[in-house]
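Undergrad: coords please:
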Amino acid sequence: MSKKMTFRKKSLAVILCLMMAVSALSGCGKEPAEQETESEEDDDSLEVPEVKGKEETVGVFTLLVPKGAECAEGDSESDIVLEDEDGNHIYFAVVEKDDAKQFITDFKDGNEKAKDVEYTIEGIKWTGAYTKDSFAVYAKVNKKIVLVSAEGFKYDDDIPVAVLASLSVDADAEPVSVSGGGSSSAGGTFTYGDGLYTVDYSSNLREADPSSEFGDIVSTDGKQIIYVTSLSDWDDIYSRMDSIEANYDYEKETIYIGNEIGFLYTYEDFWGDVTADFIMPLSFTFRNNWGDMDAVYIYTSASTKEEAASEDFRNLINSIQLDYAYQTDEFYNPSSTGGTVGSFGSYEEYWERGWFGWWIVADACDDFSDAISYSYDSLLTFDVDGDEVHMVLVDDEGDEDINCYMQLLDDGTDSGWLISSTGNVLGYDVEDTYFYIDPEADANILPDYISFDIFLYDDEDTSTWVEIKGFFRPWGADFEDFYDVSESDLPYIYGTVQANYADMFPFCYDDWYVPQMNDEFPGLYAIEGAND
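TA: Numbering: from 1, shown residues only. This next block holds a predicted model:
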């Protein structure tokens with residue numbers, strides 16, 4: 001894989017807020033009172049706790065910096081970030097009142113459970129909103145409007161209360177903008193493909209110069225470069241995944257983003273770097289004036305797995321927001337491969353022949369690791385009805401392992417290709433873990449040969465998963481044809497183990513299949529007991 005990719009993107013809007021790693025920003029309550037102090041008898045006054053630390057002047061602010069925490073300037077003296085040992089953040093900025101009110105409004109809009117709040121600390125009234133572990137408020141401090149937002153803290157936690165009680169601002173402090181740009185140290189939102197999707201980055205990350213070739217998002221300490229892009233070719237999408245699984249000792253995690261399923265691979269690449277590749281094939285093509293997108297692709301590399309698949313990188317992935325206004329009704333765009341549109345009516349002859357082969361447990365979580373390499377001889381049928389195909393697979397123990405419906409996609413070839421829509425595989429719902437069968441992709445190995453790779457997971461326990469692969473030929477096909485294929489071109493059957501010639505023959509090939517291979521297809525359940 002290339003160390004650097006190029007892609008097209010427009011200029012990017014940055015929304016200044018630490019909260020972006022958790023959600024998009026939201027809304028405001030009522031305007032704070034103009035006066036700077038409130039009555040000591042006010043019921044909403046918070047008692048100031050004792051918090052160990054020291055008073056520091058950072059930019060235009062003077063404040064208590066708690067023990068173990070650090071405070072630093074953003075892009076200007078008028079915005080700063082305080083971070084504790086656990087990575088929790090509080091952001092301070094001198095702003096215009098309208099910007100502060102809009103910031104609170106955005107905070108509430110992006111947090112359904114946010115509640116309005118108004119309280120007083122040391123005579124200063126703060127107004128805004130809060131959630132379980134975040135808040136955004138503003139107030140007039142030394143005749144300046146100060147906006148405060150925090151991630152990892154509730155508004156009445158000891159640290160933010162003590163810090164706000166200590167806060168003072170220089171009289172000549174200049175306001176900064178928080179609506180269309182601002183401090184990279186406060187985090188923000190990165191927009192890809194003219195809005196096809198966005199990701200939120202934390203205060204530990206910042207956007208690179210749009211003209212830079214050194215990634216899209218970089219760490220503030222310069223140790224990590226992250227590329228945020230997309231893929232628009234199905235062959236490219238799955239060839240990347242297959243290449244990783246074939247060539248590297250990798251770890252694979254499943255990550256769920258709304259209704260989409262993505263895969264995070266971490267592995268040491270050819271250059272000795274630890275690479276984190278996140279690939280999320282989409283259920284439908286997304287398209288706007290920028291172009292097509294069939295998968296979200298975000299990747300980085302570092303010297304260790306901990307640095308590559310860091311918490312910031314994972315939070316970036318988990319913050320993906322697809323803009324469904326750009327979703328099409330297309331699973332696949334045949335024009336992207338230069339194919340010509342064929343007739344669905346011609347596909348019955350290809351698929352409805354009955355298929356013989358085998359499937360194998362290619363990989364599994366620790367609980368099922370003993371099952372890796374277990375394989376089952378099977379018969380497989382496809383019933384074509386327009387652009388819908390019913391797929392059923394029965395193994396040599398008589399079990400119906402697959403019963404699902406596939407969408408037939410016209411790519412201009414004699415076969416087209418299939419992508420799962422409903423049904424089940426080994427009891428798992430394929431709506432949660434779709435797969436595809438593309439004979440054209442396997443044609444470089446052998447004509448009239450199909451394979452599939454299905455990743456099954458427990459949607460209630462994401463640590464429980466199994467990967468199965470299947471290899472089939474039409475009923476009557478001679479598997480001796482595999483000897484005409486270079487052994488180095490045979491598929492990878494599990495992990496990084498490449499099949500040899502013997503692997504491609506089902507166990508019951510000689511004794512059960514060959515004697516009847518020239519007869520009519522015997523029906524799915526004829527294989528039961530074939531290996532007894």
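Undergrad: give the helix, strand or coil label for Gly128.
TA: Under DSSP: H, G, I helix; E, B strand; the rest coil, the three-state class of Gly128 is strand.
Undergrad: sec struct for the residue lying closest to it once chain neighbours are set aside, please.
TA: Distance criterion CB to CB, 6 or more residues apart in numbering; nearest residue to Gly128, sequence neighbours excluded, is Val137 at 3.3 Å. Where C-beta positions appear, they are placed from N, C-alpha and C, glycine not excepted. Under three-state DSSP, Val137 falls in the strand class.
Undergrad: and Val137, what is it in contact with?
TA: Taking CB atoms under 8 Å, 6 or more residues apart in numbering, we find Val137 in contact with 104, 117, 126-130, 147-149, 155.
Undergrad: just Ile237 next, same as before
TA: 231, 279, 281, 294-295.
Undergrad: need the contacts of Val137 in JSON lines with distance to Tyr501, pLDDT and neighbour count, can you?
TA: Output for these, formatted as JSON lines (distance: CB to CB, whole Å; pLDDT from 0 to 100; neighbours: other CB atoms under 10 Å):
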{"residue": "Ile104", "distance to Tyr501": "68", "pLDDT": "88", "neighbour count": "27"}
{"residue": "Val117", "distance to Tyr501": "70", "pLDDT": "93", "neighbour count": "19"}
{"residue": "Trp126", "distance to Tyr501": "74", "pLDDT": "96", "neighbour count": "24"}
{"residue": "Thr127", "distance to Tyr501": "74", "pLDDT": "95", "neighbour count": "20"}
{"residue": "Gly128", "distance to Tyr501": "69", "pLDDT": "93", "neighbour count": "28"}
{"residue": "Ala129", "distance to Tyr501": "66", "pLDDT": "92", "neighbour count": "23"}
{"residue": "Tyr130", "distance to Tyr501": "66", "pLDDT": "91", "neighbour count": "23"}
{"residue": "Leu147", "distance to Tyr501": "69", "pLDDT": "94", "neighbour count": "27"}
{"residue": "Val148", "distance to Tyr501": "68", "pLDDT": "93", "neighbour count": "23"}
{"residue": "Ser149", "distance to Tyr501": "63", "pLDDT": "88", "neighbour count": "28"}
{"residue": "Tyr155", "distance to Tyr501": "68", "pLDDT": "92", "neighbour count": "22"}
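Undergrad: and of those, the nearest to Glu268?
TA: Ser149 (38.5 Å; CB to CB).
Undergrad: so the nearest residue to the closest one once chain neighbours are set aside bridges to which residues?
TA: Once flanking residues are discounted, Ser149 sits nearest to Ala136: 4.1 Å by CB to CB, 6+ apart. Assessed by DSSP bridges, Ala136 has beta-bridge partners Ala129, Ser149.
Undergrad: and the one 5 residues further on, by the same measure?
TA: According to DSSP bridges, the residues that bridge with Val141 are Lys144.
Undergrad: since we're on it, how many residues are nearby?
TA: 20 (other CB atoms under 10 Å).
Undergrad: thought it was touching Ser166?
TA: No: with contact defined as CB atoms under 8 Å, Val141 does not count as touching Ser166 (10.8 Å).
Undergrad: just to be sure, Asp370 is in a helix?
TA: Yes: according to three-state DSSP, Asp370 belongs to a helix.
Undergrad: domain parsing for the protein?
TA: For the chain, automatic domain parsing gives the domain ranges 18-169, 187-330, 344-527.
Undergrad: now those domains as JSON lines including distance to Val176?
TA: Putting those into JSON lines (distance: least, CB to CB, whole Å) gives the following:
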{"stretch": "domain 18-169", "distance to Val176": "5"}
{"stretch": "domain 187-330", "distance to Val176": "13"}
{"stretch": "domain 344-527", "distance to Val176": "41"}
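Undergrad: from the contacts of Ile237, which is closest to Tyr405?
TA: Pro281 (18.8 Å).
Undergrad: on the three-state scheme, the closest one is what?
TA: Pro281, by the three-state scheme (three-state DSSP), is strand.
Undergrad: model confidence score at it, please.
TA: On pLDDT, Pro281 comes in at 87.
Undergrad: kindly report the same for Leu46.
TA: In this model, Leu46 carries a pLDDT of 92.
Undergrad: what's around Tyr434, how many residues?
TA: Using other CB under 10 Å, Tyr434 has 20 other residues around it.
Undergrad: which residue packs closest to it, ignoring adjacent ones?
TA: Nearest one to Tyr434, counting by CB to CB, 6+ apart, is Ser420 at 4.6 Å.
Undergrad: in which helix or strand does that neighbour reside?
TA: strand 417-425 (DSSP states H and E).
Undergrad: strands paired with the helix or strand that comes right after that strand, and their directions?
TA: The C-terminal neighbour of strand 417-425 among helices and strands, as given by DSSP H and E, is strand 428-429. Using DSSP bridges, strand 428-429 pairs in its sheet with strand 417-425 (antiparallel).
Undergrad: what is the mean pLDDT for the partner strand?
TA: pLDDT averaged over strand 417-425 gives 89.
Undergrad: what's the neighbour count on Asp510?
TA: 11.
Undergrad: dihedrals phi and psi, it?
TA: Taking degrees, to the nearest 10, you get phi -70, psi -50 for the backbone angles of Asp510.
Undergrad: cool, the one 3 residues further on as well?
TA: Phi and psi for Tyr513, reported as degrees, to the nearest 10, are phi -80, psi -50.
Undergrad: that one reaches Phe356, doesn't it?
TA: Yes: Tyr513 lies in contact with Phe356 (CB under 8 Å); the separation is 6.0 Å.
Undergrad: leaving out the residues flanking it, which one is nearest to Tyr374?
TA: Tyr374 sits nearest to Val361 (CB to CB, 6+ apart), 4.8 Å away.
Undergrad: what is the mean pLDDT for the host helix or strand of that neighbour?
TA: For Val361, the host element (DSSP H and E) is strand 355-364. Mean pLDDT, strand 355-364: 93.
Undergrad: what residues of the following helix or strand past it count as buried?
TA: The element immediately downstream of strand 355-364 (helix or strand, assigned by DSSP H and E) is strand 375-385. By 16 or more other CB atoms under 10 Å, the buried positions in strand 375-385 come out as 375-382, 384.
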